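Participant: here's a sequence, model it:
(3 chains)
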Amino acid sequence: MTATPAAVAPPKNASKVESHRADAELPMAGEPAVPFLEIEALRAREFIPAAKEALTDLIAEQGQSKLIRPVFNWAGRNSLFPLHWGLACCAIEFAAAFGARWDAERFGVVPRSSPRQSDLMIVNGTVTWKVAHKLITLYEQMPEPKWVIAMGNCATGGGPFRTAYSVVPGVDKLVPVDVYIAGCPPRPEAMLDGILLLETLIRERKE
Amino acid sequence: MKPEDLARSLPPVLAPVLLGVEAFPGFAARVRFRREGALDVFRAIHDLGFTHLAMIGGIDWVDHREVIYTVWSDEARTYLLLSTDVPADDPRVESAVPVWPSANWHEREAWELVGITFDHHPDLRHLLTPDGYAFHPLLRSFKIHEPEELEVKTRHV
Amino acid sequence: MSEMWLNMGPQHPMTHGLWNLRVHIDGEVIRDVDPEMGYLHRGIEKLSEDRHYNEVVTLMDRTCYVAGLAWEHLYILASEEALHIAPPERAQYLRVLCEEFQRIASHLMWYAAFVQDIGLMTPFLYGMRDRDLILDLFQSYTGARMTYEYMRVGGVRNDVPPGFTDRARQVLDWLEPRFVEYDQLTLGSDIFHKRCDNLGVLRANDCVTQGVTGPMLRSAGLKRDLRKDRPYAVYDQLDFEVALADTADVTGRYLVRLEEMRQSVRILRQVLDWLDRHPGPVMASQLPRWLGAPYAPVGREGYLLKRNYPKGVGFSAVEEPHGEALAYVVNEGGEHPYRVKFRSPVYANIAAARHYLVGYRVADIPPIMGSVDICVGEVDR
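Facilitator: Residues are numbered from 1 along each chain as shown, chains lettered A, B, ... in the order given. As a prediction, this is how the structure comes out:
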């Protein structure tokens, strides 16, 4: 991606800035073909007429109920708001991913401090029995639909503290987990990869 | 500061509770004392300039338990180790909070992890383990093991 | 209904970790506080009793995850004393190199988190950018960004790769002008002074009574730095000053940490020069065989060795980025330590919270607690 000078028209391929996600964009069986949903980034003044046109066409073709789900998933997977909390070591790598070098916000990932504003819980560290019920409370406070990423070995299965008397051997014993990320701690790249994997899962979601 | 100098500068009234002042690696000296006179020893050591209490720890020697206090003097620029033995069936010692207020949390930790009760402690509550936790994990009799198999939570869909 | 207890945590942007600050407030004014810890208690001291001496190093990285190498150094110094093993001089210089780079990285992490607490969003990016440069250096000789497992009883795992010292000097050359930039970003900002001056004051007397150490103590004007007062490793051969301030408030702690980073750069230049001039082994040559391999052989040889296990007690004190850290290792013969006890500086600093929070307002809590530089991993252990 080349840098463009400010106050100049954006590059023509602005809608394809996320071309590296080609493998994540495979069409899923059962998902109606919604042309504009393949577009990942649009400027606001382009988006509104494009969305209006596409939606009107689709409602006329397929009916409202079939349409809602893909639109919803498209919006959800491009604006995952993780809960802003740090449990242990992985929280530092979690923070590093929001630093200048990795800049996780370009994937629409913005940490929110309130569980009621977030739809993704990244469990970034060792979960102890003392915090277990607080973790479940936070999970239940998050509005549906919601996802959980177990980041690092501790959240996945206890890690080096598996045998300790105070540690939950994996956060999947408390809440359902969608994506596991290996590493102790995972590098920021691995965390971003886990988030991209979750985006493909959301795309498949039907319900 | 040599152990002999330290032994000489301690007040003679402490003689019945002192078990020995000896050299110890890493420290200026190790002062061993009976737990009955703990508070007097703390006061005397504090008056010698050891105003900073760095840590309190407990060691389980199976037949008895040892409480170690590490104190630092800003004038002598050295650490001193105080140690006292308590029987395993009655592990109590006088709290050091009146002399060193920073002992508060260290004693709470030693109480919950090693099971040493500190008499007249202002606020002996659980600190690291959850309230009501019935075990003392740092005792030798407490064994760690692989966790039991628990049910993995999944979504319905 | 003006007085109440308020829970700040365990999930709160102020905490920088997993703990709960219970605040008793009267309107906006803090009347009492009661920190509630233990949400990250992982039983590291217990797990150490079940591990080989060198395996405990793995736990040390995770004890304090922003200053892993400093905690490795702490534990290794104590266990070497308990096992009666002396490391070669080059290993000691490498350890000092690790510890000082770790001090800068830890302070930068603190800087990035702290400025966010007081509402300055951009300096976060600057702090993380420069921290990543140091982590790249760590990665080039330990292979990891945060959990290194680099030090061993008797030395360090491996020497630095060729060309490392030049790359390290480049990073130092880059960092030094950046410290000026940090000051411009924060001290030049009105927001910073309005939110930090005369906040969280803890005078030297109270610091000593409450066991507060590290930059908090030095910001109150008391000159206590274990690197100077009780030199360990090779600190007695290095030339540096102890950073001091006299305001005893949040701004003072900021100034002390920034000055410590400058002094660390000064130490690192001397260490890098020494490393260039003195090649040599980085591991002690006379090591018992069971210490060389992570799992000692069981069987005839193992039993023979078991008879020769030395006994001893090791004690070490290290000026960690957060303050005074102590380790006490009891070796009763065997491959595992009998008992390991650590003293975390942040533990005592949080325990004294009542003395620097009461009387201020609720909105002052984030800058004050941010200036303490909390790492919950080492508090709960």
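Participant: switch to C-alpha atoms for all contacts and neighbour counts from now on
Facilitator: Noted.
Participant: which residue, other than its chain neighbours, is closest to the residue in chain B positioned nearest to chain C?
Facilitator: Using C-alpha to the nearest C-alpha, residue B:128 is the residue of chain B that sits closest to chain C, at 3.7 Å. Among residues not flanking residue B:128 along the chain, residue C:38 sits closest, at 3.7 Å (C-alpha to C-alpha, 6 or more residues apart in numbering or on different chains).
Participant: please report phi then psi for the one you found.
Facilitator: Backbone torsions for residue C:38, taken as degrees, to the nearest 10, come to phi 100, psi 0.
Participant: that one against residue B:129, yeah?
Facilitator: Yes - under the criterion of C-alpha atoms under 8 Å, residue C:38 makes contact with residue B:129 at 6.0 Å.
Participant: between those two, which contacts overlap?
Facilitator: Shared contacts of residue C:38 and residue B:129, defined by C-alpha atoms under 8 Å, 6 or more residues apart in numbering or on different chains, comprise residue A:130.
Participant: higher neighbour count, those two?
Facilitator: residue B:129 (27 against 23; other C-alpha atoms under 10 Å in any protein chain shown).
Participant: how close does the more buried one get to residue C:59?
Facilitator: The spacing between residue B:129 and residue C:59, counted by C-alpha to C-alpha, to the nearest Å, is 19 Å.
Participant: so where do the strands sit in chain B?
Facilitator: Here chain B has its strands, by DSSP state E, at B:18-24, B:27-33, B:52-60, B:64-73, B:78-87, B:92-94, B:117-119.
Participant: can you tell me which of those strands is most buried?
Facilitator: For the strands of chain B, the largest average neighbour count (mean count of other C-alpha atoms under 10 Å in any protein chain shown) is found in strand B:52-60, namely a mean of 25.
Participant: give me every residue that touches the residue lying closest to residue B:95 once chain neighbours are set aside.
Facilitator: Closest residue to residue B:95 apart from its sequence neighbours, by C-alpha to C-alpha, 6+ apart: residue B:118 at 4.9 Å. Residues near residue B:118 by C-alpha under 8 Å, 6+ apart: B:92, B:93, B:94, B:95, B:107, B:111, B:124.
Participant: the third one contacts residue B:122, doesn't it?
Facilitator: So that's residue B:94. No - contact criterion C-alpha under 8 Å: residue B:94 and residue B:122 do not qualify, at 11.6 Å.
Participant: any bit of the helix or strand that contains residue C:130 sitting next to chain A?
Facilitator: Using DSSP states H and E, the element containing residue C:130 is helix C:122-142. Yes - contact between helix C:122-142 and chain A, assessed by C-alpha under 8 Å from any C-alpha of the partner chain, occurs at C:124, C:125, C:126, C:128, C:129.
Participant: hey, which helix is longest across chain A?
Facilitator: As assigned by DSSP state H, the longest helix anywhere in chain A is helix A:44-62.
Participant: in that helix, what counts as buried?
Facilitator: Using 16 or more other C-alpha atoms under 10 Å in any protein chain shown as the test for burial, helix A:44-62 gives A:55, A:58.
Participant: next: stretch A:191-207.
Facilitator: Residues of stretch A:191-207 classed as buried by neighbour count (16+ other C-alpha under 10 Å): A:191, A:192, A:194, A:195, A:196, A:197, A:198, A:199, A:200, A:202, A:203, A:204.
Participant: just give the closest residue to the second one, not the sequence neighbours.
Facilitator: Counting by C-alpha to C-alpha, 6+ apart, residue A:192 lies nearest to residue A:104, which is 7.0 Å off, once chain neighbours are set aside.
Participant: tell me the pLDDT of residue C:378.
Facilitator: pLDDT recorded at residue C:378 is 88.
Participant: contact partners for it?
Facilitator: Residue C:378 makes contacts with C:63, C:64, C:344, C:346, C:347, as judged by C-alpha under 8 Å, 6+ apart.
Participant: return the distance of residue B:129 relative to residue C:63.
Facilitator: To residue C:63, residue B:129 is 17 Å away according to C-alpha to C-alpha.
Participant: what does residue C:78 give?
Facilitator: Counting by C-alpha to C-alpha, the gap from residue C:78 to residue C:63 is 16 Å.
Participant: ok, now residue A:104?
Facilitator: When C-alpha to C-alpha is the yardstick, residue A:104 and residue C:63 sit 27 Å from each other.
Participant: how far off centre is stretch C:212-220?
Facilitator: In terms of C-alpha atoms, centre = their mean, to the nearest Å, the centre of stretch C:212-220 is found 14 Å from the chain centre.
Participant: can you give me the end-to-end span of it?
Facilitator: In stretch C:212-220, first residue to last residue: 11 Å (C-alpha to C-alpha).
Participant: do the same with stretch B:127-139
Facilitator: For stretch B:127-139, the first and last residues are 17 Å from each other (C-alpha to C-alpha).
Participant: over to stretch B:8-19?
Facilitator: Stretch B:8-19 has its terminal residues 14 Å apart, counting by C-alpha to C-alpha.
Participant: got it, and stretch C:146-156?
Facilitator: Start-to-end span of stretch C:146-156 (C-alpha to C-alpha) is 17 Å.
Participant: one step back: distance of the residue nearest to residue A:192 from residue A:78?
Facilitator: 12 Å.
Participant: and the contacts of residue C:378, which are buried?
Facilitator: Buried members of the contacts of residue C:378, counted by 16+ other C-alpha under 10 Å: C:63, C:64, C:344, C:346, C:347.
Participant: which residue is nearest the middle of chain A?
Facilitator: In chain A, the centroid-proximal residue (C-alpha atoms, centre = their mean) is residue A:80; its distance is 4.1 Å.
Participant: quick one: low-confidence parts of chain A?
Facilitator: Residue ranges of chain A with pLDDT under 70: A:1-42, A:62-67, A:206-207.
Participant: picking that back up, render the CA-only coordinates of the longest helix of chain A in CSV, please.
Facilitator: In CSV, the C-alpha atoms belonging to helix A:44-62 read as follows (Å, rounded to 0.1, in the frame of the first residue of the first chain):
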residue,chain,number,x,y,z
ALA,A,44,-19.0,7.3,3.5
ARG,A,45,-20.3,9.2,0.6
GLU,A,46,-19.8,6.1,-1.7
PHE,A,47,-21.2,3.7,0.9
ILE,A,48,-24.7,5.1,1.4
PRO,A,49,-25.8,5.1,-2.2
ALA,A,50,-24.1,1.8,-2.9
ALA,A,51,-25.8,0.2,0.1
LYS,A,52,-29.2,1.6,-0.6
GLU,A,53,-29.1,0.4,-4.2
ALA,A,54,-27.9,-3.1,-3.3
LEU,A,55,-30.3,-3.5,-0.5
THR,A,56,-33.3,-2.4,-2.5
ASP,A,57,-32.4,-4.9,-5.3
LEU,A,58,-31.8,-7.7,-2.9
ILE,A,59,-35.0,-7.3,-0.9
ALA,A,60,-36.9,-7.3,-4.2
GLU,A,61,-35.1,-10.5,-5.2
GLN,A,62,-34.8,-12.6,-2.1
